[in-house]
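Novice: predicted model follows, preceded by the sequence.
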Amino acid sequence: MKIGVGTKNPAKVDAVKEIIAEYDILKAAEVVPVDVDSGISEQPMTLEETVQGAMNRAKSAHQGCDLGIGLESGLFKMPMSKSEYMDICVCAIFDGERFHLGTSSAFEYPKKLIDLILHEGIDISRAAKKLGLTDHPYVGHAQGMIGILTKGRLTRKEYTRQSLITALIHLENPELY
């Protein structure tokens, strides 16, 4: 079995490799990272856009593979939160016919970060650097904002693993879906 992953982000690819080793139906699979376009904005700002980006990545990564996996993190409006925005990772698995979706837990973004993203139009990495939260040029390739905000208690890779596990529910329990 061959699994295409619609990214070359090391945190995401490592999460996929670790997860498939835990599943009998996938553990012999070869993981092939593929640089694909999400077809959405660089910083998704709605849940719908984040899901669409994951689905686009999964479908593109499926070419020549048995399964395509798309992983997309994005922000969405959360009523009654201080900053109004939460971050979530969406996993889409495409089997050639259907999509199987899952998500990670969500966490609130700090208001100062949201203000920089919305009002200055800068990406998360540059916003985090400007606030002195990190020196890493690509926050999402390392521990991610979740890792920074939880002081390493939950990393980008673990966060990504959550979305993979919930998307794999369909494949592991096909009789229910």
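Specialist: All right, it came through fine.
Novice: use CA for all of it now, contacts and neighbours both
Specialist: Noted.
Novice: pull the CA atoms of the longest helix along the chain into CSV?
Specialist: Secondary structure of the chain per DSSP state H: the longest helix is helix 156-172. Provided in CSV are the C-alpha atoms of helix 156-172 (Å, rounded to 0.1, in the frame of the first residue of the first chain):
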residue,chain,number,x,y,z
ARG,A,156,2.3,20.3,16.4
LYS,A,157,3.1,16.6,15.7
GLU,A,158,0.8,15.4,18.5
TYR,A,159,-1.9,17.9,17.4
THR,A,160,-1.7,16.5,13.9
ARG,A,161,-1.8,12.9,15.2
GLN,A,162,-5.1,13.7,16.9
SER,A,163,-6.7,14.7,13.5
LEU,A,164,-5.3,11.5,11.9
ILE,A,165,-6.6,9.3,14.6
THR,A,166,-10.1,10.7,14.3
ALA,A,167,-10.1,10.5,10.5
LEU,A,168,-9.0,6.9,10.6
ILE,A,169,-12.1,6.0,12.6
HIS,A,170,-13.9,5.5,9.3
LEU,A,171,-11.3,3.2,7.8
GLU,A,172,-11.0,1.1,11.0
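Novice: can you pull out the helices in this structure?
Specialist: Assigned by DSSP H, the chain shows helices spanning 10-20, 47-61, 111-119, 124-130, 144-149, 156-172.
Novice: tell me the most buried of the ones you listed?
Specialist: Stretch with highest mean neighbour count among the helices of the chain: helix 47-61 (a mean of 25; mean count of other Cα atoms under 10 Å).
Novice: output the contacting helices and strands for that one.
Specialist: strand 2-5, strand 67-77, strand 85-94 (3 or more Cα pairs under 8 Å, 6 or more residues apart in numbering; DSSP states H and E).
Novice: helices and strands of this protein: which one has the lowest mean pLDDT?
Specialist: helix 124-130 (a mean of 89; mean pLDDT, DSSP states H and E).
Novice: perfect, that will be all.
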